[in-house]
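1. Predicted model and sequence follow; I will ask about them next.
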Amino acid sequence: MIVLPFAGLFAKHEAPGRHVTGTPSHAIAARLKIGSSAASGSKSDGRSDVWSASRIKMLTHRFSVAPMMDWTDRHCRVFHRLLTRHTRLYTEMLTTPAIIHGDRARLLGFDASEHPVALQLGGSDPRDLAEAARIGEGFGYDEINLNVGCPSDRVKDGRFGACLMAEPDLVAAGVAAMKHAVKIPVTVKCRIGIDDQDPEVSLDAIARAVVAAGSNALIVHARKAWLTGLSPKENRDIPPLDYDRVYRLKQAMPDVPIIINGGIGSLAEVKAHLAHVDGVMLGRAAYQEPWRLLPIDADIFGEAPRFATMKDVFEAMMPYIERELARGTRLHAITRHFVGAYHAVPGARAFRRHLAEYGVKAGAGIDVLRDAVALVEERAAQMAA
C-alpha cells in the first residue's frame, strides 16, 4: 500500500504512464501502473491554500461520473479510468460515522490510477464532517463532496442527504468546517429543492450559503426530491427535470463553477449543456452504458482517447483483475460493472450472458472474462453518441 505523490492538484492531470497503440496488455498495464493503492498516512505536497475557481472550472469538473450507491466502487472506478483519463470520478457516498469509526482501509482505499477522484460524504455534523474530510485527504483524495441530494429514508433519518436542502445554514457550517480542516477542494451536490419548496428560492438559498462558506463548486441534480410520497428510485425519474433553473443559477453566479446532473444520456446532450454551465456530471448512463465514456477525452477534453476499443480497455484491465483475484476478490465483484460495455455490436448479448452465467461461480477466473470478450466482434472506436 503506497501513496503516490502528485504535483499541484490543478496541474494538468496525466494518469500514470502512457498508452502506445498496439502495445501488449501486460506492457500497457505496466505503463499505466494500474494496481497501486492509496493508503492513509500522508498528504501530497504542492497544494495551495488558495484555490482558483476558474482553474477548477477548466480542468477538473468539465465532465464527471456521478457518485452512485452500490455502483461506483473502486473496481468500477478503475474501469472508468481506463475509458477516460480526464473525467473526474466519485466514490459511493460514505457516511461520516463509517469513516470515523469503521474500517478505513476497506472503505477508503483506492487504486492510484483513479486520480482525479473525489470522496463523497454523507453527514451533517460539522465536527464529524471536518474529521471525515481530514481522513479522506490523508488517503489522497482530490476533492471532498458533500451529499445534499440523496432522498432515501435512511439518509433522512440520519439527517443527511436531500433533507438538508431545508437547512442551508447547517450545510454551510459543514462546508466551512471542512474547508478549515483540509486544503483540497470542498464541493456540494444538491437538488433544486425538496417537497413543496420553490426551486427559485431553495436552490438560490443553498447555493449562496455554501459558496459563502467556501464551497469550490456546486453540482446540481436538476430535479426536486420528494421526501414524502416517492421512493428513492422514483425520485430519480418522476420529478420533472428543470435544466433552465440550473442555467439561471449559473447566470446569477457567473464566477462559481456550476455542474449540471440528472437525466443526461448522450454526448450530444453533454455538449449542449456545456454551452450553459461549467461542467456535466453523467450518472446512470455512464454506468449502464460505459461505452459512452470512450470518446469523452477526445470530444470534451480535446485529447486522443487512451484506447480505441473496449477490447483494448479489457486487455489493460486484466492484470488488475488478476491481482484482485489473488487477494481473494471474487470475479463477479469486478465484472458486474462490465455488463453494458458493448452496444450494437455482434456478440454483445453473448458477452453479457457469458459473464452472467460463469462470472458468478465460486472460483471463477480471468479466463471467464477473456472468453466473454472473445465472443464480441467489435468495430474500432466504438463512438456511438
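-> Structure received.
2. A341 and R292 touch, don't they?
-> No: applying CB atoms under 8 Å as the test, A341 and R292 come out as separate, 10.5 Å apart. C-beta coordinates here come from the backbone N, C-alpha and C atoms, glycine included.
3. Those two: which is more packed in?
-> A341 (27 against 24; other CB atoms under 10 Å).
4. Quick one: classify that one as helix, strand or coil.
-> For A341, the secondary structure call by DSSP: H, G, I helix; E, B strand; the rest coil comes out as coil.
5. Who are the contact partners of it?
-> Contacts here follow CB atoms under 8 Å, 6 or more residues apart in numbering; on that basis A341 touches P290, W291, M310, V313, F314, F351.
6. What segments of the chain are strands?
-> Applying DSSP state E to the chain gives strands spanning 37-38, 63-65, 89-90, 94-95, 110-111, 117-122, 143-148, 186-194, 217-225, 258-261, 279-282.
7. The fourth one pairs with which strands?
-> Each strand paired with strand 94-95, and its direction, by DSSP bridges: strand 117-122 (parallel).
8. what's the longest helix in the protein?
-> The longest helix of the chain (DSSP state H) is helix 310-326.
9. Break this structure down into its structural domains.
-> Split into domains by automatic domain parsing, the chain comes to 25-301, 310-374.
10. just how off-centre is the longest one within its chain?
-> Read it as domain 25-301. 7 Å (CA atoms, centre = their mean, to the nearest Å).
11. quick one on the thing from earlier: compile the strands of the chain into a markdown table and extend it with columns for distance to H80.
-> Formatted as a markdown table, those follow (distance: least, CB to CB, whole Å):
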| stretch | distance to H80 |
| --- | --- |
| strand 37-38 | 16 |
| strand 63-65 | 6 |
| strand 89-90 | 6 |
| strand 94-95 | 18 |
| strand 110-111 | 11 |
| strand 117-122 | 10 |
| strand 143-148 | 16 |
| strand 186-194 | 18 |
| strand 217-225 | 17 |
| strand 258-261 | 16 |
| strand 279-282 | 10 |
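12. Can you tell me which of the ones you listed is nearest to I206?
-> Smallest distance to I206 across the strands of the chain (CB to CB): 5.4 Å, for strand 186-194.
13. So for the closest one, what gets flagged as buried?
-> Buried residues in strand 186-194, defined by neighbour count with 16 or more other CB atoms under 10 Å: V186, T187, V188, K189, C190, R191, I192, G193, I194.
14. What is the burial count for D169?
-> Using other CB under 10 Å, D169 has 11 other residues around it.
15. Just give the nearest non-adjacent residue to it, would you?
-> Closest residue to D169 apart from its sequence neighbours, by CB to CB, 6 or more residues apart in numbering: A209 at 6.4 Å.
16. Any stretches of the stretch 251-385 of the chain with poor pLDDT?
-> Applying pLDDT under 70 to the stretch 251-385 of the chain picks out residues 378-385.
17. which residues does the closest residue in space to A286 that isn't next to it in sequence bridge with?
-> Spatial nearest neighbour of A286, chain neighbours left out: V65 (4.6 Å); criterion: CB to CB, 6+ apart. Going by DSSP bridges, V65 is paired in beta bridges with L282.
18. pretty sure V65 contacts T87?
-> Yes: with contacts counted by CB under 8 Å, V65 reaches T87, the gap being 6.0 Å.
19. Between the two, tell me which one has more neighbours.
-> Remark: of V65 and T87, V65 carries more neighbours, 26 against 22, as counted by other CB under 10 Å.
20. quick one, what contacts the more buried one?
-> T72, H80, T87, R88, L89, Y90, M281, L282, G283, A286, Y287, L293.
21. and the gap between it and E167?
-> According to CB to CB, to the nearest Å, V65 and E167 sit 28 Å apart.
22. And L293, by the same measure?
-> From L293 over to E167 (counting by CB to CB), the distance is 35 Å.
23. out of these two, which sits in the more crowded spot?
-> Legend: neighbour count by other CB under 10 Å for L293 and E167, higher for L293 (24 against 16).
24. residues touching the more buried one, list them.
-> Taking CB under 8 Å, 6+ apart, we find L293 in contact with V65, H80, L83, T84, T87, A286.
25. repeat that with 6 Å
-> Residues near L293 by CB atoms under 6 Å, 6 or more residues apart in numbering: L83, T84.
26. Check the gap between it and N147 for me.
-> Applying CB to CB, the value for L293 to N147 is 23 Å.
27. winner for burial among the domains of the chain?
-> Comparing the domains of the chain by mean neighbour count (mean count of other CB atoms under 10 Å), domain 25-301 comes out on top with a mean of 20.
28. Please, where are all the helices along the stretch 201-350 of the chain?
-> Applying DSSP state H, counting those that start in this stretch to the stretch 201-350 of the chain gives helices spanning 232-235, 243-252, 267-273, 284-288, 296-301, 310-326, 331-335, 348-358.
29. Find me the pLDDT at K57, would you?
-> K57 carries a pLDDT score of 36 in this model.
30. coming back round to it: which neighbouring elements make contact with the longest helix of the chain?
-> For helix 310-326, the packing partners by 3 or more CB pairs under 6 Å, 6 or more residues apart in numbering; DSSP states H and E come out as helix 25-32, helix 74-83, helix 366-374.
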